[in-house]
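Participant: Below is the sequence, then the predicted model.
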Amino acid sequence: MLSVRLKAIADCVPEGTIVADIGTDHAFLPVELIASGKIERAYACDIGTGPLEHARATVAEAGLQAQISLILTPGLEKVPQDAQVAVIAGMGWMTAKEILENDFERLGQFQRILVQVNREVASLRRWIMDHGFEIVAEKLVHDRHYYQIVGFRKASQPVVYTEAQLQYGPFLLARREPVFIEYYHYRKAKLERIARQIEDPDKRSEILRQIEDMNAVILNR
Ligand SMILES: C[S@@+](CC[C@H](N)C(=O)[O-])C[C@H]1O[C@@H](n2cnc3c(N)ncnc32)[C@H](O)[C@@H]1O
């Protein structure tokens, strides 16, 4: 069974597109997308031979060798030009950023780029705005952890997000779904615990500022 996180990423993939899953590891995402009938072709890509062997096994077990090509590549480097959606999931923001920037000139050709990083989602959103892209899809889901998925594409004209939209996500903030409110109650409790333990006064006031911001923008509204 696909995890809640990967299922949420699959939900953000437009139907009938050719998907390149960068850092595919076990290729669970491309196999799900094809087995469910949502898409017909995918590239399962990874920088490591070990992960690509895992991918090979999953694809063979599903009998999908004709529809999923396995590609050993750092980031997007060897991804064929017909890929329409790029997925970069389950890694740190620094790795995802390196993947985006190493093939920056190609990014505009994707109909959608989906990124799920474990932390620093606000940095991802700021990067999107600063590099001439626009956010077109967002999801926040709770599995064992909370995960945010951000979908974006080249903007036809510059898009400016407010600090609150960068911090919390323009779509997530507008929708204010129960899981979103629940997440910020969880974040607030966690930050309050850290603030009680931390000794450095500057770090403590930064954490208190973050809590105040969450209260003002989300929790006390
Ligand atoms: C934790 S797994 C995530 C697997 C899957 N994407 C997911 O979300 O469950 C990260 C994978 O990214 C691969 N990876 C790391 N850096 C990469 C890069 N620059 N290019 C391609 N793959 C990379 C690793 O080899 C590993 O298989």
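Facilitator: In hand now; what should we look at? Numbering: from 1, shown residues only.

Participant: Check which helices and strands the helix or strand in which Phe180 is found sits against.
Facilitator: Element membership for Phe180 (DSSP states H and E) is helix 178-197. Contact here means 3 or more CB pairs under 8 Å, 6 or more residues apart in numbering; DSSP states H and E; on that basis helix 178-197 packs against strand 133-142, strand 146-154, helix 201-214. Where you see a C-beta, it was placed from the backbone N, CA and C, and this is true even at glycine.

Participant: Quick one: closest of those to Glu53.
Facilitator: Closest approach to Glu53 among those (CB to CB): strand 146-154, 26.0 Å.

Participant: Same question for that closest one: list its buried residues.
Facilitator: Tyr146, Tyr147, Gln148, Ile149, Val150, Gly151, Phe152, Arg153 (16 or more other CB atoms under 10 Å).

Participant: For the residue lying closest to Gly108 once chain neighbours are set aside, list the residues it contacts.
Facilitator: Take Gly108 and drop its neighbours on the chain: the residue closest to it by CB to CB, 6 or more residues apart in numbering is Lys154, 4.1 Å away. Shown in contact with Lys154 (CB atoms under 8 Å, 6 or more residues apart in numbering): Leu107, Gly108, Gly132, Phe133, Glu134.

Participant: sorry, back to before: want to try TSV for the helices and strands packed on helix 178-197, with mean pLDDT as columns?
Facilitator: Converted to TSV, the helices and strands packed on helix 178-197 look like this (pLDDT from 0 to 100):
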stretch	mean pLDDT
strand 133-142	98
strand 146-154	98
helix 201-214	96
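
Participant: hey, which of those is tucked in deepest?
Facilitator: Highest mean neighbour count of the helices and strands packed on helix 178-197: strand 146-154, a mean of 21 (counted as mean count of other CB atoms under 10 Å).

Participant: In the next helix or strand after that one, which residues are buried?
Facilitator: Going down the chain from strand 146-154, the next helix or strand is helix 163-168, by DSSP H and E. By 16+ other CB under 10 Å, the buried positions in helix 163-168 come out as Gln165, Leu166, Gln167, Tyr168.

Participant: which residues does the last one contact?
Facilitator: Right, Tyr168. Contact analysis of Tyr168 by CB under 8 Å, 6+ apart lists Phe180, Tyr184, Val217, Ile218.

Participant: Many thanks, have a good one.
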